[in-house]
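>>> Predicted model and sequence below, questions to follow.
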Amino acid sequence: MSGPGAPIRFCVCAGVVTVIYLCGKLCVNRFISRVEEVLNDWKLIGSNFGKPPEKGEYTSRTWDEKSRDINFADFRFSITHHYLKQECVESEGREDVEEDAFPLAMQDLLCMNNDFPPRAHCLVRWYGVREFVVISPGANCEAIISESKCNLLLSSVSIALANTGCQVPVFVQIQQKWRKMYSGECQGPGVRTNFEMVHLRKVPSQYNHLSGLLDVFKGKIGCPLSPLPPINIAIRFTYILQDWQQYTWPQQPPDFDGLLAGEVGGVEFGKLPFGPCEDPISELHLATTWPHLTEGIVVDNDVYSDLDPLQAPHWSVRVRKADNPQCLLGDFLMEFFKLCSQKESTEEILGRNSVEEEGKENSDITQALSKLTEPAAVPIPKLSVSNMVHSARKRIRRHRRLDQSPLSNDMLNSILLYLFPDAAVDRPDLTDAKSPQSSSGGKSERDTESDDYNLFNLLKSAPSHSLTFRLALCMCLVNFYHGGVRAVAHLWQEFVLEMRYRWENNCLVYGLAAGPPDLRCCLLHQKLQMLNCCIEHKRARDSGSGRDRKEAASENGILSPTSTGAGPTLSETPLGKPWDSWSDSEDEFFECLSDTEEIKDVPADRAKGGAKEVGRAKPEGRLQPHGKLTLLNTDEPLYVPVTQEPAPMTEDVLEEQSEVLAKLGTSAEGAHLRARMQSACLLSDMESFKAANPGCSLEDFVRWYSPRDYVEEEVTDDTGQTVVLSDLSARMKIPGNMWVEAWETAKATPARRQKRLFDDTKEAERVLHYLAVQKPADLVRHLLPCVLHAAMLKVKEEEASEDIHSVRKALQQVISQASKLLRHPSPDCRKLEDIINQIMALEAIVARARSLKAKFGVVKGDKGEDSEDLEKFVSSLLEEPEVAVTGAGRGPAGTIIHKLFGSAQRAALLAPLEEEAGRAGGPENRKPMGGGGVPDFPPPAGREILLRTCVPRPAPYSRALPQRLYCVLMREDFRLAGAFSSDTSFF
């Protein structure tokens, strides 16, 4: 187009016949045929009708679109149908529609219910149509710039519309895509509307006001009537506020000095940061609208203007959000997640200095044998957890230089004290604390069933007061503030060392629930629980007398018929190894006195009694009588034996054993081996039962262990008396039954003299080795569910103080997605990153709510009519694209907005004069808004003017048809979008 001083010239369609023969007739016909085919497939042929759209319908209703690709010779186009979804098909009134009624698009040109929609396609805003078709160049095709090509396309579209009778307007995108230039046409019975457009960089001075634009509109429609029919005018001015002055965002920065100085307690370590590092609201856009004006009511020319924003009858506000605001919680999560891509091990990250120095210390091997054989004094220092923790630190720190440690001693001690509060010297009550009460944080079992507490069950993380949860928060903290992956590796090395010393010194790990590993939690939490189980078993073994062990077993839970009736559990029995040969293993450990020691305890007179006295069966390991049951072969009461607890397992061990059992196949031999592997617990219980009930039979054992497999039936004998017959169930009589084989193999051995089903030493070493070989990337994958869990709790906590419905709803969706994702043993990293991005988006929404409440003075708990209106107004700004201001400039929200703009204007006086002049350039300064030297509002960033009328065109005797001109005037953008209708029957 031409420069600002040139006259306005619209793109006008040339003669159809002349243009068609400028190109190959075959290509044009194919293109026209293809357009007609698409219009037929979309059922856009024939007349369309409908009711006028309701007010705000273009924003509240849903827009849809469908596209296809078509070719014009070698040039690819995309044809797209945009339309407003209808709630139901309107069938009423079809018969009443006049044959020569205007097309629906022409009726929309005059509708005033949806002027200036805040969220719609640009053509909807410019022309007000609810349905249209756009033909635009393909994704990798060049733009249609030449005028001849534009005319050729428009001519082809005109022919397609005439052939099909389609009354939906069709637009063709021309010029560069960023200019959003469209030309189009709409045809009806005897009428046609041409959609034309002008786009310039600068606003021509003669068209920089309403008066000049009215002249353009009147000249274009060329109405021969006098006087001219009234022109309806709608005007909207948009003002932008960027300088908030004293109304700043309320986010308080974290206490970096406290963190760096090591003055961090449990509260600080246990809380994730939250909030943005910058104001998440970058701009506030105020739109002042005059919806219904006529030419004689308002004056706006190059000298004077009546358009004062304070006098506008309608105000609406929208906020522009900062693009990807930097938020503390999001940064924490993303930086921690990035460690998943690290491939180095802990030794590679921290260096091998400790190993090398230890090798130098032990380089003298001449005294190796003497050191092995000479007696070493075993000092017994004051036994306390704090001394043990201190000893655990000294061993590794002496091999590492202070300047090489990512974490300082003070910081490391603060973190370890937060992780292990039982190590504090001044807290002796926690030095022997058991895990269950410390893990629940003082909550009862009923309290822990709440949704917040059981979130770890959904995310497969860990309870929010557990050691694993606190470790995840600390790892996140040191990664962000204290050296990244090196600090994480350093802390993990210290943590593993602490676990080993707690195992070696029989100190329970603080912050873990008692009992077997909880398979609902993450694998790392299960491993730590397994280590605690090993420590508990080791303490029970080392506690002293057999009675103490019996009491400990009674307190920890004994296998009962109901608990063991489900069948034997998995064990780690070596395949093919006989039961009676296990005592020869080097790994064999008994939980009681040896045979020789027991013989020493036998009185001398009994020892001389011979084999008869020694061989007599003596009951051992009895717990309590089992009701009134007696042994079948004797009248002795049936006693419940003291049994071993089944070996606890983590999910990875269970999976390994499941794979081993599955590989045995379905053959008879495989099934036998599988049953043999699973019968270790069954054999142990049988031996305990035999020791507690001398002279018992398999039937006696089944009556206690699996009552359903002992069938009792009342029958009538030959004499007519009712007798009770009892026998084993059918499955117990199957040849080769594992229960029969195990019963024959089992010896009368009490539980205290059996081989341990759970080898705590072996399992503890396995756990410690597993922890030691974990790379930082593996550790992050283990702890990421806990970190996400903590982040979701933080978002939920912050949202509760702001009461944002959209955040609550979105958070539930995030939890649902994360629950499905984290259940997988190896979740997809891209999906995990998407979960983090969603959490960051929720954090930004909460931050925006707080920023807006601070700017509009919304105080929680402040009751009053104005406070409620302001709170609803702020909530609507977060949910809706544009919010109307009740009372315009005289309402509570409007008054605050006016003050915000006024403060920004007064602060702008401090800017340099040339900057002020550049900011205030243009005809908007024709009239000061405040009546004094400083206007209350800056020059409008954008002015939109909409002109509409209905006049006969092109001849005085033509039908009166809708005419429309949309004008937008900005600092570096000037656009006129006109829709001019003409009568094709009476011209």
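Arrived safely, thanks for sending.

>>> Using PDB, list the CA coordinates for the helix or strand encompassing Gln529.
Taking DSSP states H and E as the criterion, Gln529 maps to helix 523-542. Only the C-alpha atoms of helix 523-542 are listed here, as PDB (Å, rounded to 0.1, in the frame of the first residue of the first chain):
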ATOM      1  CA  LEU A 523      11.300 -48.000  46.500                       C
ATOM      2  CA  LEU A 524      13.800 -45.900  48.500                       C
ATOM      3  CA  HIS A 525      11.400 -45.600  51.400                       C
ATOM      4  CA  GLN A 526      10.900 -49.400  51.300                       C
ATOM      5  CA  LYS A 527      14.700 -49.900  51.400                       C
ATOM      6  CA  LEU A 528      15.000 -47.700  54.400                       C
ATOM      7  CA  GLN A 529      12.200 -49.500  56.100                       C
ATOM      8  CA  MET A 530      13.900 -52.800  55.300                       C
ATOM      9  CA  LEU A 531      17.000 -51.600  57.000                       C
ATOM     10  CA  ASN A 532      15.000 -50.700  60.100                       C
ATOM     11  CA  CYS A 533      13.500 -54.200  60.100                       C
ATOM     12  CA  CYS A 534      17.000 -55.600  60.100                       C
ATOM     13  CA  ILE A 535      18.000 -53.400  63.000                       C
ATOM     14  CA  GLU A 536      15.000 -54.400  65.000                       C
ATOM     15  CA  HIS A 537      15.700 -58.100  64.400                       C
ATOM     16  CA  LYS A 538      19.300 -57.600  65.300                       C
ATOM     17  CA  ARG A 539      18.400 -55.800  68.500                       C
ATOM     18  CA  ALA A 540      16.000 -58.600  69.300                       C
ATOM     19  CA  ARG A 541      18.800 -61.200  68.800                       C
ATOM     20  CA  ASP A 542      21.300 -59.300  70.900                       C
END
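
>>> What are the buried residues along that helix?
For helix 523-542, the neighbour count (16 or more other CB atoms under 10 Å) marks 523-538, 540-541 as buried. For glycine as for every other residue, the C-beta is placed from the backbone atoms N, C-alpha and C.

>>> can you check stretch 788-799 too?
788-796, 798-799.

>>> got the residues you listed as CSV, with distance to Gly296, pLDDT and secondary structure columns?
Below are the buried residues of stretch 788-799 laid out as CSV (distance: CB to CB, whole Å; pLDDT from 0 to 100; DSSP: H, G, I helix; E, B strand; the rest coil):
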residue, distance to Gly296, pLDDT, secondary structure
Leu788, 65, 93, helix
His789, 67, 92, helix
Ala790, 66, 92, helix
Ala791, 61, 92, helix
Met792, 61, 92, helix
Leu793, 63, 91, helix
Lys794, 60, 91, helix
Val795, 56, 92, helix
Lys796, 59, 91, helix
Glu798, 55, 89, helix
Glu799, 53, 89, helix
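
>>> Out of these, which is nearest to Arg130?
Using CB to CB, Glu799 comes nearest to Arg130 of those, at 37.2 Å.

>>> Surely that closest one and Arg850 touch.
No. Assessed by CB atoms under 8 Å, Glu799 is found out of contact with Arg850, at 10.8 Å.

>>> and the gap between Val38 and Pro881?
Note on Val38: its distance to Pro881, by CB to CB, to the nearest Å, is 32 Å.

>>> Have a look at the two and say which one is more surrounded.
Val38 (21 against 13; other CB atoms under 10 Å).

>>> three-state assignment of that one?
Secondary structure, DSSP: H, G, I helix; E, B strand; the rest coil: Val38 is helix.

>>> Nearest residue to the middle of this protein?
Nearest to the geometric centre of the chain sits Ile835, at 3.3 Å (CA atoms, centre = their mean).

>>> and the next element down the chain from the helix or strand hosting it?
Assigned by DSSP H and E, Ile835 belongs to helix 829-855. Downstream of helix 829-855, the first helix or strand assigned by DSSP H and E is helix 865-879.

>>> Show me what the following helix or strand past that next one is packed against.
Using DSSP H and E, the helix or strand that directly follows helix 865-879 along the chain is strand 883-885. The helices and strands touching strand 883-885, judged by 3 or more CB pairs under 8 Å, 6 or more residues apart in numbering; DSSP states H and E, are strand 314-321, helix 865-879, helix 892-908.

>>> Kindly reformat those as TSV and extend each row with distance to Asp279 and mean pLDDT.
Formatted as TSV, the helices and strands packed on strand 883-885 follow (distance: least, CB to CB, whole Å; pLDDT from 0 to 100):
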stretch	distance to Asp279	mean pLDDT
strand 314-321	10	92
helix 865-879	15	85
helix 892-908	13	87
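
>>> what kind of secondary structure is the closest residue to Ala73 other than its chain neighbours in?
Excluding the flanking residues, the one nearest Ala73 by CB to CB, 6 or more residues apart in numbering is Cys27, at 4.5 Å. Secondary structure for Cys27, judged by three-state DSSP, is helix.

>>> next one: the one 4 residues further on
On the three-state scheme (three-state DSSP), Phe31 is labelled helix.

>>> what's the closest non-adjacent residue to it?
Per CB to CB, 6+ apart, closest to Phe31 is Phe72, 4.5 Å.

>>> One more: His898?
His898 sits nearest to Gly889 (CB to CB, 6+ apart), 5.8 Å away.

>>> do you know how far that neighbour is from Ser316?
Counting by CB to CB - Gly889 and Ser316 are separated by 12 Å.

>>> Could you tell me the angle between the strand of greatest length in the chain and helix 892-908?
Using DSSP state E to define each element, the chain has its longest strand at strand 281-294. Going by axes from the mean of the first three to the mean of the last three CA atoms, to 10 degrees, strand 281-294 is angled at 110 degrees with respect to helix 892-908.

>>> List the strands paired with strand 281-294, with their directions.
strand 232-241 (antiparallel), strand 314-321 (antiparallel) (DSSP bridges).

>>> that older thread, between the buried residues of stretch 788-799, which is nearest Cys474?
Nearest to Cys474 among the buried residues of stretch 788-799, with distances taken as CB to CB, is Ala790, at 11.2 Å.

>>> State the distance from that closest one to Glu57.
44 Å.

>>> swap in Cys340?
The value you get for Cys340 to Glu57, if CB to CB is used, is 48 Å.

>>> One more: Ser183?
On the measure of CB to CB, Ser183 and Glu57 end up 27 Å apart.

>>> neighbour count winner among those two?
More neighbours surround Ser183 than the other of Ser183 and Glu57, with 24 against 15 (other CB under 10 Å).

>>> isn't there a strand covering the more buried one?
Yes. Counting by three-state DSSP, Ser183 is part of a strand.

>>> and it, what are its bridge partners?
With DSSP bridges as the rule, Ser183 is bridged to Val172.

>>> Roughly how far does it sit from Ala73?
20 Å.
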